[in-house]
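next one to model:
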Amino acid sequence: MNYDANNIFAKILRGEIPACKVYEDQHTLALMDVTPQSDGHVLVIPKVAASNLFEIAADALGRLIVTTQLISRAAKTAFNADGITLMQFNGAAAGQTVFHLHFHVIPRYQGKELRVHAREMADIKILTAQAEKLKQALSNSI
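So this is what the prediction gives:
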């Protein structure tokens, strides 16, 4: 698959589209999902151009999964979650809609169903408050 440099995550990485950022380092970015399935739903993306898991170098993938683990721990703490679901899709047939590799970090609660993804935009004030909770949990763990 050829990487589309005009996908939404590429535009966010270039600063062309705003995002509610949670964490950023030299290699990765974590941001709030604007159509969350659960409170605290975060996306973790690499800063390299890779459409999916099969197109990223192993060292970059390693850095991405370390950030995903860091964000998962913070989300579990910040939102007092019973568990964390990680999702990652490769190709349209697998459900991928944005063709820039990314992990979904979704806090889960016993007995509570997930909301339907990409159906409804979240209120930016709520996302910002959730991002602040995550940043606080991160600062307490680093």
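
how about the CA coordinates for the longest helix seen in the chain, as CSV?
For the chain, the longest helix by residue count, based on DSSP state H, is helix 58-78. Extracted in CSV, the C-alpha atoms of helix 58-78 (Å, rounded to 0.1, in the frame of the first residue of the first chain):
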residue,chain,number,x,y,z
ALA,A,58,10.9,-2.9,13.8
ASP,A,59,12.7,-0.2,15.8
ALA,A,60,9.9,2.4,15.1
LEU,A,61,7.3,-0.2,16.0
GLY,A,62,9.1,-0.9,19.3
ARG,A,63,9.0,2.7,20.2
LEU,A,64,5.3,2.9,19.3
ILE,A,65,4.4,-0.1,21.5
VAL,A,66,6.4,1.3,24.4
THR,A,67,4.4,4.5,24.2
THR,A,68,1.2,2.5,23.8
GLN,A,69,2.0,0.7,27.1
LEU,A,70,2.8,4.0,28.8
ILE,A,71,-0.5,5.5,27.7
SER,A,72,-2.4,2.3,28.6
ARG,A,73,-1.1,2.4,32.2
ALA,A,74,-2.0,6.1,32.5
ALA,A,75,-5.5,5.6,31.1
LYS,A,76,-6.2,2.7,33.5
THR,A,77,-5.1,4.9,36.4
ALA,A,78,-6.7,8.2,35.3
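
tell me the contacts of the residue nearest to Ala81 when sequence neighbours are not counted?
Excluding the flanking residues, the one nearest Ala81 by C-beta to C-beta, 6 or more residues apart in numbering is Pro107, at 3.6 Å. Placement of C-beta: from N, CA and C, glycine included. Going by C-beta atoms under 8 Å, 6 or more residues apart in numbering, Pro107 touches Ser38, Asp39, Gly40, His41, Ala75, Lys76, Phe79, Ala81, Gly83, Ile84.
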